[in-house]
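Chemist: Please find the sequence and the predicted model below.
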Amino acid sequence: MINQEEFFKKITSHAKEYGFVFQSSEIYDGLSAVYDYGQNGVELKNNIRAYWWKAMVQQHENIVGLDSAIFMHPTIWKASGHVDAFNDPLIDNKDSKKRYRADVLVEDHMAKIEDKIAKEVEKAAKRFGEAFDEQQFVATNARVLEYRQQVDSIRSRFFGSLEKNDLDDIKKLIEELGIVCPVSGSRNWTEVRQFNLMFSTQMGSTVEGASEIFLRPETAQGIFVNYLNVQKTGRMKIPFGIAQTGKAFRNEIVARQFIFRMREFEQMEMQFFVKPGEELEWFEYWKQERLRWHLSLGIPSAKYRFHDHDKLAHYANAAADIEFEFPFGFKELEGIHSRTDFDLGAHQKYSGKKLQYFDPELNENYVPYVVETSIGLDRMFLAVLSHAYAEEKLEDGSERVVLKLPAVLAPYKVAVLPLMKKDGLPEKAREIMDILKQDFMCHYEEKDAIGKRYRRHDAIGTPYCVTVDHQSLEDNTVTIRDRDSMLQERVAIDQLQGIIIAKIRK
Ligand code: ATP
């Protein structure tokens with residue numbers, strides 16, 4: 001058994017070795033927390049985006065798409081609250097000169113105490129065997145109760161101070177808890193400061209005439225400010241949704257874990273406009289609908305869980321995350337938020353333009369409420385990739401690395417392989433390639449032994465390999481090999497297309 005850290009390292013190096021993900025600006029030693037997608041990565045990423053778009057826009061008659069610009073009027077970010085409140089509290093260690101998020105330091109500390117509780121439970125479970133009653137144990141064991149009390153009191157003090165923006169107290173808390181810098185091991189901390197995560201730049205040519213604008217930290221605001229344009233021109237009736245995918249930028253303080261937390265990333269968001277009072281029903285609906293989307297990819301439900309927020313952002317009246325079990329544990333993959341009329345109301349106020357809906361059934365105007373679903377495309381990429389990666393021992397004793405990607409997401413659907421580079425086999429294979437490439441991303445390969453070519457396609461997740469052999473020339477049949485079972489069946493060339501379509505739809 002390899003541990004999770006090693007497993008994660010294997011995935012990142014596999015992603016690089018097989019052209020999925022490269023460090024940005026690598027020949028200049030890279031740019032921190034920015035990544036490029038290579039020849040296979042771009043296909044996988046496009047396919048995830050298309051799979052989302054199909055489920056959200058194509059399959060919902062009352063959801064339409066949008067592609068708004070990254071640059072927007074700076075007042076939008078004032079209205080949305082990002083200028084004033086899109087902050088993380090940061091703290092530096094004076095010895096290592098490393099920068100940390102104060103909230104992450106405190107949360108890691110609480111997680112360590114939680115681990116101690118888990119260890120106590122584990123020990124007791126061993127000691128008591130079958131008679132062990134975990135619920136009773138955690139409710140009565142003195143040591144566990146003491147740990148639990150510690151976590152609760154840290155949490156309430158920390159969130160209380162954060163809410164009051166009492167940064168001095170957060171520093172005091174870090175000192176009192178004896179939290180040390182993981183690099184220098186020292187407790188020599190600076191003050192805690194708020195750090196705004198938005199990137200800004202100048203629009204306009206002269207410094208005096210230029211205005212400061214922001215790179216959007218989320219795609220959602222582009223939807224809100226176009227709400228009326230789309231509603232009116234599309235004659236949309238509530239409830240309806242607007243979906244958008246696109247780049248977002250956040251100057252993350254601690255950006256690690258590969259493409260999990262990047263400074264430039266892509267979001268897939270949908271804002272669903274509803275009648276006030278109906279938002280919580282729709283919130284439940286979208287929670288279930290989005291989970292259904294994840295499960296439709298064939299990833300087991302045990303890899304997912306909901307995390308309902310008890311501490312809500314000021315604009316939300318309900319919020320939940322869909323968490324995925326990444327190689328480094330369960331972490332947020334998607335957020336579903338009931339945002340009330342906060343955003344439309346704020347834009348109405350700041351722009352002076354009415355953003356209301358005339359409800360013909362009620363014969364009245366109102367500002368709609370909004371339920372949003374927001375997923376990071378790159379995080380979804382990492383979820384899919386880490387779930388798909390497998391190392392297998394084969395019957396003949398050899399090993400293979402295979403990406404068991406859902407066929408619908410795989411970069412190439414089919415590899416077309418002449419068994420040998422002679423006897424007219426390449427020509428026949430090219431004919432097949434020319435037919436199949438009209439419908440699917442196909443890859444033609446004639447170099448190396450067939451076994452080696454199969455391995456290469458296993459490693460990039462190609463679900464089907466079509467092999468052209470001497471019999472193909474006689475009876476117009478080929479073999480089709482399944483990536484996961486490695487079984488081959490012989491089929492007629494003129495049925496190939498239909499067979500592959502059926503397999504991919506499955
Ligand atoms: P986190 O708590 O992990 O920072 P968040 O709560 O700030 O995430 P949201 O603002 O709800 O995230 O953004 C919606 C989605 O966008 C997230 O669920 C995640 O998938 C994605 N996302 C957010 N920040 C990043 C990032 N820095 N890199 C990659 N994806 C991100």
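Modeler: Cool, got the structure.

Chemist: Spatially nearest residue to the residue of the stretch 101-250 of the chain found nearest the ligand, not counting backbone neighbours?
Modeler: Residue nearest to the ligand within the stretch 101-250 of the chain: R250 (5.0 Å; C-beta to the nearest ligand atom). Using the backbone N, CA and C atoms, a C-beta is placed for each residue, glycine as well. Once flanking residues are discounted, R250 sits nearest to L197: 4.6 Å by C-beta to C-beta, 6 or more residues apart in numbering.

Chemist: May I ask you to confirm that the one you found is in contact with P217?
Modeler: Yes. Counting by C-beta atoms under 8 Å, P217 is a contact partner of L197 at 6.2 Å.

Chemist: Near K349, how many residues? Count them for me, please.
Modeler: Residues near K349, counting by other C-beta atoms under 10 Å, number 11.

Chemist: Quick check, it in contact with A79.
Modeler: Yes. Under the criterion of C-beta under 8 Å, K349 makes contact with A79 at 7.1 Å.

Chemist: Which residues are in contact with each of L197 and P217?
Modeler: Listed as contacting both L197 and P217 by C-beta atoms under 8 Å, 6 or more residues apart in numbering are 86, 250.

Chemist: higher neighbour count, these two?
Modeler: P217 (20 against 15).

Chemist: Show the contacting residues for that one.
Modeler: By C-beta under 8 Å, 6+ apart, P217 lies in contact with 82, 86, 197-198, 248-250.

Chemist: want to try TSV for the residues you listed, with distance to L291, secondary structure and pLDDT as columns?
Modeler: Shown next, in TSV, are the contacts of P217 (distance: C-beta to C-beta, whole Å; DSSP: H, G, I helix; E, B strand; the rest coil; pLDDT from 0 to 100):
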residue	distance to L291	secondary structure	pLDDT
H82	28	helix	95
F86	28	coil	92
L197	28	coil	94
M198	31	coil	96
A248	23	strand	98
F249	28	strand	98
R250	25	coil	96
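
Chemist: So in terms of bridging, what pairs with the residue in the chain that the ligand sits nearest to?
Modeler: At 2.5 Å from the ligand, G376 is the closest residue in the chain, using C-beta to the nearest ligand atom. Note on G376: beta-bridge partners by DSSP bridges are Q267.

Chemist: which ones are touching it?
Modeler: 265-268, 333-334.

Chemist: residue ranges with poor pLDDT in the stretch 401-506 of the chain?
Modeler: Along the stretch 401-506 of the chain, the model assigns pLDDT under 70 to residues 506.

Chemist: Tell me which stretches of it form helices.
Modeler: Here the stretch 401-506 of the chain has its helices, by DSSP state H, counting those that start in this stretch, at 425-436, 450-460, 470-475, 496-505.

Chemist: what's the answer for the stretch 1-150 of the chain, then?
Modeler: Residue ranges of the helices in the stretch 1-150 of the chain, as given by DSSP H, counting those that start in this stretch, are 4-17, 39-53, 75-79, 82-85, 102-128, 134-140, 142-163.

Chemist: and the longest one, what does it pack onto?
Modeler: What it means is helix 102-128. If contacts are counted by 3 or more C-beta pairs under 8 Å, 6 or more residues apart in numbering; DSSP states H and E, helix 102-128 sits against strand 87-92, helix 134-140, helix 142-163, helix 167-176.

Chemist: Buried deepest among those, which one?
Modeler: Most buried of these by mean neighbour count (mean count of other C-beta atoms under 10 Å) is strand 87-92; its value is a mean of 20.

Chemist: Can you tell me which residues in the protein are near the ligand?
Modeler: Residues of the chain lying close to the ligand (C-beta under 6 Å from any ligand atom) are 250, 252, 261-262, 265, 267, 332-335, 374-376, 378-379.

Chemist: From these, list the buried ones, please.
Modeler: Buried by 16 or more other C-beta atoms under 10 Å: 250, 252, 261-262, 265, 267, 333-335, 374-376, 378-379, out of the residues of the chain next to the ligand.

Chemist: Got the confidence number for the spatially most central residue of the chain?
Modeler: Nearest residue to the geometric centre of the chain (C-alpha atoms, centre = their mean): R379, 2.4 Å. At R379, the model reports a pLDDT of 98.

Chemist: so it makes contact with F258?
Modeler: No. R379 lies out of contact with F258 (C-beta under 8 Å); the separation is 10.3 Å.

Chemist: in the stretch 151-300 of the chain, which ranges drop under the pLDDT threshold?
Modeler: The stretch 151-300 of the chain contains residues with pLDDT under 70 at 206-207.

Chemist: Would you map the strands across it?
Modeler: 193-196, 200-203, 211-214, 240-249, 264-274 (DSSP state E, counting those that start in this stretch).

Chemist: list the helices and strands the second one packs on?
Modeler: Other elements packing on strand 200-203 under the criterion 3+ C-beta pairs under 8 Å, 6+ apart are strand 211-214.

Chemist: Check which residues of the strand it packs on are buried.
Modeler: 213-214.

Chemist: and it, which strands flank it?
Modeler: strand 200-203 (antiparallel).

Chemist: got the contact list for the residue nearest to I504 when sequence neighbours are not counted?
Modeler: Leaving aside its sequence neighbours, I504 sits nearest to A407 (C-beta to C-beta, 6+ apart; 4.7 Å). The contact partners of A407, by C-beta under 8 Å, 6+ apart, come to 413, 463-464, 503-504, 506.

Chemist: Now restrict those to buried residues only.
Modeler: Among the contacts of A407, those classed as buried by 16+ other C-beta under 10 Å are 413, 463-464, 504.

Chemist: Quick check: of those, which lies closest to A320?
Modeler: Proximity to A320 was ranked across these by C-beta to C-beta; first place goes to I504, at 31.7 Å.

Chemist: What are the neighbouring residues in contact with the closest one?
Modeler: By C-beta under 8 Å, 6+ apart, I504 lies in contact with 407-408, 413, 440, 463.

Chemist: From Q257, how far off is it?
Modeler: 31 Å (C-beta to C-beta, to the nearest Å).

Chemist: again with D494
Modeler: 48 Å.

Chemist: Compare the two (neighbour count), which wins?
Modeler: Q257 (17 against 10).

Chemist: Run through the residues that contact that one.
Modeler: Q257 neighbours (C-beta under 8 Å, 6+ apart): 326, 328.

Chemist: count of neighbours near I76?
Modeler: Neighbours of I76 under the rule other C-beta under 10 Å: 22.

Chemist: pretty sure it is touching A220, no?
Modeler: No. When contacts are counted by C-beta under 8 Å, I76 is not listed as touching A220 (10.7 Å).

Chemist: Just want the angle from the helix or strand hosting T373 to strand 264-274.
Modeler: Using DSSP states H and E, the element containing T373 is strand 369-376. Counting by axes from the mean of the first three to the mean of the last three C-alpha atoms, to 10 degrees, strand 369-376 lies at 160 degrees to strand 264-274.
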